[in-house]
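> Sequence unavailable; structure follows:
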């Protein structure tokens, strides 16, 4: 099945299973639009040019009158469409599989209010997290998102996951828009200043992060690097591995700070 046919198969399942999702992703059905223009035009090239012109006019009109919340929703719509294209390019995904994946992605993104914000709700007031994406850093040409949980002021589950998704969005946007020869990224956890007490408090957070990475990003994650992970984390990691069938934990690499710095490339 070609990529374009697979994408149409995805939208078939979306329209059949979730009409609200379909209307969100295709507010004006492009096939109906093309049909109208074809009746008025002569020749395939003229059809395409007129359709593009109409779409550009519509987009300008929409942007003139759109408020911030609608702009965020439009950004979210474009993000999801790009994810559909990405999963349609993977040979092991059927249209039905992709629909299920996209549904899971959208449910979680709306759960953490991603369509309505462009930065962490807590860190807008005071920087409390230690999560950041630096587009100048690469490992094997893979961009990285960096976290130092031991130095975070606030590790509340909801806002930390929200912040992580926002940084991963920036990373994926660069993968799509900048000439990076990859579809994947890596995540780095630096366990500097991480204590046993913090680990015990973070058990629920560790599970939620594992779930998010597994359900939303499994096919995009290259490796998860744990820098100087303390030995007391070993039982927790072993327990997490048993919770996930197709485990994101297979991608974990425990590494020293010295060896990690040897892997980093700067662009």
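That came in fine, so what should we check first? Everything numeric here is computed off the predicted structure, so don't read it as measured data.
> Verify the assumption that residue 70 is located in a strand.
No - checked against DSSP: H, G, I helix; E, B strand; the rest coil, residue 70 lies outside a strand; its state is helix.
> wait, what's in contact with residue 266?
Contacts for residue 266 (Cβ atoms under 8 Å, 6 or more residues apart in numbering) come out as 136, 137, 138. C-betas here are computed from N, CA, C, even on glycine.
> So what's the residue count around residue 156?
Residue 156: 13 surrounding residues under other Cβ atoms under 10 Å.
> Likewise for residue 13?
If you count neighbours by other Cβ under 10 Å, residue 13 ends up with 20.
> Make a ChimeraX selection of the buried ones in the contacts of residue 266.
This is the ChimeraX syntax for the buried subset of those, where burial follows 16 or more other Cβ atoms under 10 Å:
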select :137,138
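> Could you pick out which of the contacts of residue 266 are located in strands?
Those of the contacts of residue 266 mapping onto strands are 136, 137, 138, per DSSP state E.
> The second one reaches residue 174, doesn't it?
To tie it back to what came earlier, the one meant is residue 137. No - taking contacts as Cβ atoms under 8 Å, residue 137 lies outside contact range of residue 174: 11.4 Å.
> Now for those two: what residues contact both?
Common contacts of residue 137 and residue 174, defined by Cβ under 8 Å, 6+ apart, comprise residue 143.
> residues making contact with stretch 78-94?
3, 6-7, 9-10, 25, 97-98, 101-102, 105-106, 169, 172, 176, 183, 219-220.
> Please apply the same query to stretch 217-231.
Residues outside stretch 217-231 that contact it (Cβ under 8 Å, 6+ apart): 86-87, 90, 139-140, 142, 168, 172, 182-192, 194, 196, 199, 213, 233, 237, 246, 248-249, 251-257, 260.
> of all the ones in strands among the contacts of residue 266, which comes closest to residue 267?
Minimum distance to residue 267 across the ones in strands among the contacts of residue 266 is 5.2 Å, recorded for residue 136 (Cβ to Cβ).
> Please enumerate the helices of this structure.
3-17, 19-25, 30-40, 44-65, 68-88, 95-111, 157-177, 196-201, 203-217, 234-243, 257-263 (DSSP state H).
> and these as JSON lines, adding mean pLDDT?
Formatted as JSON lines, the helices of the chain follow (pLDDT from 0 to 100):
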{"stretch": "helix 3-17", "mean pLDDT": "91"}
{"stretch": "helix 19-25", "mean pLDDT": "93"}
{"stretch": "helix 30-40", "mean pLDDT": "45"}
{"stretch": "helix 44-65", "mean pLDDT": "53"}
{"stretch": "helix 68-88", "mean pLDDT": "88"}
{"stretch": "helix 95-111", "mean pLDDT": "95"}
{"stretch": "helix 157-177", "mean pLDDT": "92"}
{"stretch": "helix 196-201", "mean pLDDT": "89"}
{"stretch": "helix 203-217", "mean pLDDT": "89"}
{"stretch": "helix 234-243", "mean pLDDT": "78"}
{"stretch": "helix 257-263", "mean pLDDT": "92"}
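> Could you dump these into a markdown table and include distance to residue 121?
Shown next, in a markdown table, are the helices of the chain (distance: least, Cβ to Cβ, whole Å):
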| stretch | distance to residue 121 |
| --- | --- |
| helix 3-17 | 29 |
| helix 19-25 | 23 |
| helix 30-40 | 35 |
| helix 44-65 | 26 |
| helix 68-88 | 13 |
| helix 95-111 | 13 |
| helix 157-177 | 6 |
| helix 196-201 | 21 |
| helix 203-217 | 17 |
| helix 234-243 | 27 |
| helix 257-263 | 30 |
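> So which of those helices is the most surrounded?
Scoring those by mean neighbour count under mean count of other Cβ atoms under 10 Å gives helix 157-177 as the most buried, with a mean of 19.
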